[in-house]
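# sequence and predicted model, in that order:
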Protein chains: 2
Amino acid sequence: MPIISERGKNAIPSPIRFLAPYAATAEARGVKVHYMNIGQPDIPTPAEAMNKVRNTDLRILKYTPSAGVDSYREKLVDYYRRFEIEVSKKDILVTTGASEAISLVLSSCLDPGDEVIVPEPFYANYLGYAHATGVEIKPIPTFIENSFALPNIANFEPLIGSKTKAIFLCNPNNPTGGIYGQADLEALGRLVKKHDLYLIVDEVYREFCYDDEFYSVLRLAGLEKHTVVIDSISKRFSACGARIGSIVSQNEALIKACLTFAQLRLSAPGFGQLLGEATLNLPITYLEDIRDEYDLRRRTLINRLKKIPNVLCYLPKGAFYAFARLPVPDTGKFCQWMLASFDYNNETVMLAPGAGFYATKGRGLDEVRIAYILNTGDIERAMDCLEAGLKEYLS
Amino acid sequence: MPIISERGKNAIPSPIRFLAPYAATAEARGVKVHYMNIGQPDIPTPAEAMNKVRNTDLRILKYTPSAGVDSYREKLVDYYRRFEIEVSKKDILVTTGASEAISLVLSSCLDPGDEVIVPEPFYANYLGYAHATGVEIKPIPTFIENSFALPNIANFEPLIGSKTKAIFLCNPNNPTGGIYGQADLEALGRLVKKHDLYLIVDEVYREFCYDDEFYSVLRLAGLEKHTVVIDSISKRFSACGARIGSIVSQNEALIKACLTFAQLRLSAPGFGQLLGEATLNLPITYLEDIRDEYDLRRRTLINRLKKIPNVLCYLPKGAFYAFARLPVPDTGKFCQWMLASFDYNNETVMLAPGAGFYATKGRGLDEVRIAYILNTGDIERAMDCLEAGLKEYLS
């Protein structure tokens, strides 16, 4: 019998999805599960954009250009300008979600065995894509005690060796909710210039900044060849199923390499690009209203978390996640127990155990990521479940 | 300035798309281009299936399950049964086109440095995906003089070494139009059993068999752990832009490894799966009518090719490609000239140069792949252009 490849055997399961079977059994026994483990918003996809797909007169659903539909890429130029990002169509490659963008950028910037520095905790699938592309993540630790702030730049230097090719950030940050501001990015900019590294920033939560202004890495002057942005419409337009993202960089050679890989998969999804283009016709206030809604959810969640005994958390500044420490030794087991063995008034909550967001073994065991993608009423009920669950679990 | 990875620099450009800039200049000077270089049919996507997307009442375009929408996977079980393929839902993974299926299967079956045997010429992107996944293609030559028939099984043996993990076929074949029948597959089945190899078959042209019955590799008894099918709705339903394919195998460990990789990209496109599921409600006669239309196109094309002096071709038995030898030393240059410097009554034709379909340097230089995806009137006009173009080019 033929055997699975080593990389297949060692493929890294998603920590966000591995408890799904337990959620299914909870539902099977009639318990309502509040899904706060995954960044799947309950906000409707904008009807105007959905209607663009509904009203299509397309007769043949053809391949689109490998770099993306021209008119969509042109509109993205205007979209990025809202954030003082000055790029042109040729700098933008439309991808099948941010997922594909990560894969293409890692493959084009790094060879197998090369290293990328990522502040930890980080979006769990970075680890999966690093494994899939043969790249090694060198984590630089950040800590809940100071809201997972960016470490001092001097702390990066010892991690940079001959194999180091890039620094990879998520800003605003999934899973910590942190934001890297202009000063942080300028300091990192000097560092990557000094060492000839790429500075790759996943900015899919760009609109979700509650207290401070967002500052894109693409605004750093003189770093046009170093900076690369990963993007997606999934979160801002609640269109996770569209599978539409993008890569943005003024490094021509990089975009060319990404495009050559992208030609292999022929094109990004056609309907999704139709939807993506239509979202850019929405008034700017649309996303401001969405941000205000998430701000309310953020405050609702944190107010509740702060009242639960021995839970450590801080007010996240961006994205739609809180990363919290729970008074249990292993949140993996606790989250599983919440689904398999617990309910509160026939409801429970699903969270993402923290360890999966760390490359360093042993870190994050008592932490969880909580996505505030539910309406405030559901958040309140989910927190009722968490509070009651912790009480019962600890007794 | 940071540099591109070696794999990025060496990424293999698609031979089907690299002449696109010349086609654009032809169009810019007002010349109509008949695109027979790419398998993009001119047949409408079935309106019934498009309407399913148009009439969706989906409010939130959510992530779908990583393995694919349940109801779609269930319907695929019935679809495969039409071809006497007996599989269940758990054996089917929905993918973002056949492209992703190829990438996931190669990654799950082979490690970097491992080898896969592929009859040559083959679909050009196999080479690109082998490069992207670090796998080496060992081509086994087939020849136009005997319609690119499968080589004698004894010829495979010398290519099989300790690094060989799989044999990969396309059946019906892109680009040759050949079909591997039951006897061929049984012989290959014995070979892969003897050597513990995977037998991976790309069956996206399953319905396009004009003279003989189609026989799926999944029907081979006792080879459930060895056989894997790559599939896609792009060609049969003229839905290339949907980006929906599948992996089918009864090897549980293989499907599990593919799924773990697939979880990284979260889900396949949502609208595309809606369309895919709707195509399975069409009457079986729908695809029979499509096949009859392509059969007509096939005969029209071959009749014309046979009349052009010194063109060598044969009647393809399946898929919608003809692979022909032209009386020119380098079809890459000729195809470029046809776009850049030639027209016939203000029209020209774009073909795919043959060399890109070979791993062996120097093979296929005088060959082309011609996709008969246009209506017979357009095929006639395109062949007028080819005939006149060859005459002028050779004079």
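Noted; the coordinates are in hand.
# in the stretch 251-395 of chain A, what residue comes closest to chain B?
Here the residue of the stretch 251-395 of chain A nearest chain B is A:G270; by Cβ to the nearest Cβ that distance is 2.9 Å. Every C-beta, even on glycine, is put in place using the N, C-alpha and C of the backbone.
# surely that residue touches A:L61?
Yes - A:G270 is within contact range of A:L61, at 5.3 Å (criterion: Cβ atoms under 8 Å).
# between these two, which contacts overlap?
B:G241, B:A242 (Cβ atoms under 8 Å, 6 or more residues apart in numbering or on different chains).
# circling back: distance of the residue of the stretch 251-395 of chain A closest to chain B relative to B:L374?
Distance of A:G270 to B:L374, given as Cβ to Cβ, to the nearest Å: 20 Å.
# looking at these two, which one has more neighbours?
Taking neighbours as other Cβ atoms under 10 Å in any protein chain shown, A:G270 and B:L374 compare with A:G270 leading, 27 against 22.
# show the pLDDT at that one.
With respect to pLDDT, A:G270 scores 98.
# so stretch A:5-13, near chain B or not?
Yes - Stretch A:5-13 is in contact with chain B by Cβ under 8 Å from any Cβ of the partner chain, via A:S5, A:E6, A:R7, A:G8, A:K9, A:A11, A:I12, A:P13.
# show the contacting residues for the fourth one.
Just to be clear, that refers to A:G8. B:S107, B:S108, B:C109, B:L254, B:A257, B:C258, B:T260, B:F261.
# ok, A:S88 touching A:E74?
No - using Cβ under 8 Å, A:S88 is not in contact with A:E74, being 9.2 Å away.
# higher neighbour count, those two?
A direct count of neighbours by other Cβ under 10 Å for A:S88 and A:E74 places A:E74 higher, at 14 against 11.
# sec struct for that one, please.
At A:E74, secondary structure determined by DSSP: H, G, I helix; E, B strand; the rest coil is helix.
# verify the stated contact: it with A:K89.
Yes - with contact defined as Cβ under 8 Å, A:E74 counts as touching A:K89 (5.6 Å).
# so where's the longest helix in chain A?
Taking DSSP state H as the criterion, chain A has its longest helix at helix A:284-307.
# which elements pack onto it?
strand A:321-325, helix A:376-394 (3 or more Cβ pairs under 8 Å, 6 or more residues apart in numbering or on different chains; DSSP states H and E).
# can you pull the alpha-carbon coordinates of the first one into CSV?
As requested, the backbone C-alpha atoms of strand A:321-325 are provided in CSV (Å, rounded to 0.1, in the frame of the first residue of the first chain):
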residue,chain,number,x,y,z
TYR,A,321,-10.5,39.1,18.6
ALA,A,322,-9.6,39.1,22.3
PHE,A,323,-6.8,37.0,23.6
ALA,A,324,-7.4,36.1,27.2
ARG,A,325,-5.9,34.0,30.0
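# which stretch of helix or strand covers the residue nearest the centre of chain A?
Centroid-nearest residue in chain A, with Cα atoms, centre = their mean: A:N174, separated by 4.9 Å. Using DSSP states H and E, A:N174 sits within no helix or strand.
# phi, psi of A:H131?
Dihedral angles of A:H131 (phi, psi; degrees, to the nearest 10) stand at phi -60, psi -50.
# ok, it touching A:R7?
Yes - if you go by Cβ under 8 Å, A:H131 and A:R7 touch, sitting 7.1 Å apart.
# all strands of the stretch 201-350 of chain A, in order?
Taking DSSP state E, counting those that start in this stretch as the test, the strands found in the stretch 201-350 of chain A are A:227-232, A:245-248, A:321-325, A:347-350.
# can those go into a markdown table with extra columns for mean pLDDT?
A markdown table is the format used below for these (pLDDT from 0 to 100):
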| stretch | mean pLDDT |
| --- | --- |
| strand A:227-232 | 98 |
| strand A:245-248 | 98 |
| strand A:321-325 | 98 |
| strand A:347-350 | 98 |
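# now these as a markdown table including distance to chain B?
Shown next, in a markdown table, are these (distance: least, Cβ to the nearest Cβ, whole Å):
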| stretch | distance to chain B |
| --- | --- |
| strand A:227-232 | 10 |
| strand A:245-248 | 10 |
| strand A:321-325 | 16 |
| strand A:347-350 | 14 |
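# which one of these lies nearest to B:L394?
If you check each of the strands of the stretch 201-350 of chain A against B:L394 by Cβ to Cβ, strand A:245-248 wins as the nearest, at 44.5 Å.
# strands paired with that closest one, and their directions?
Strand pairing for strand A:245-248, determined by DSSP bridges: strand A:92-95 (antiparallel), strand A:227-232 (antiparallel).
# go through it and flag the buried ones.
A:G245, A:S246, A:I247, A:V248 (16 or more other Cβ atoms under 10 Å in any protein chain shown).
# can you check stretch A:172-182 too?
The neighbour-count criterion (16+ other Cβ under 10 Å) identifies A:P172, A:N173, A:N174, A:P175, A:T176, A:G177, A:G178, A:I179, A:Y180, A:Q182 as the buried residues of stretch A:172-182.
# so which of the strands paired with strand A:245-248 comes closest to B:E203?
Nearest of the strands paired with strand A:245-248 to B:E203, taken as Cβ to Cβ: strand A:92-95 at 27.4 Å.
# any idea which helix or strand comes after that closest one?
Where DSSP H and E defines the elements, the next helix or strand beyond strand A:92-95 is helix A:97-109.
# what's the mean pLDDT across that following helix?
Mean predicted lDDT for helix A:97-109 stands at 98.
# does that helix come close to chain B?
Yes - Helix A:97-109 comes into contact with chain B (Cβ under 8 Å from any Cβ), by way of A:G97, A:S99, A:E100, A:S103, A:S107, A:S108, A:C109.
# ok, the spatially most distant residue from the centre of chain A to B:D366 distance?
The C-alpha centroid of chain A is most remote from A:M1, which lies 38.8 Å away (Cα atoms, centre = their mean). As judged by Cβ to Cβ, A:M1 and B:D366 stand 43 Å apart.
# for A:S66, helix, strand, or coil?
Secondary structure state of A:S66, per three-state DSSP, is coil.
# ok, how many other residues are close to the closest residue to it other than its chain neighbours?
Spatial nearest neighbour of A:S66, excluding adjacent residues (Cβ to Cβ, 6 or more residues apart in numbering or on different chains): A:Q263 at 4.5 Å. Neighbours of A:Q263 under the rule other Cβ under 10 Å: 23.
# residues in contact with A:Q263?
A:S66, B:P13, B:S14, B:R17, B:G128.
# could you chop chain A up by domain?
For chain A, automatic domain parsing gives the domain ranges A:6-44+A:285-394, A:47-279.
# circling back: turn the strands paired with strand A:245-248 into a markdown table, including mean neighbour count.
A markdown table is the format used below for the strands paired with strand A:245-248 (neighbours: other Cβ atoms under 10 Å in any protein chain shown):
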| stretch | mean neighbour count |
| --- | --- |
| strand A:92-95 | 27 |
| strand A:227-232 | 26 |
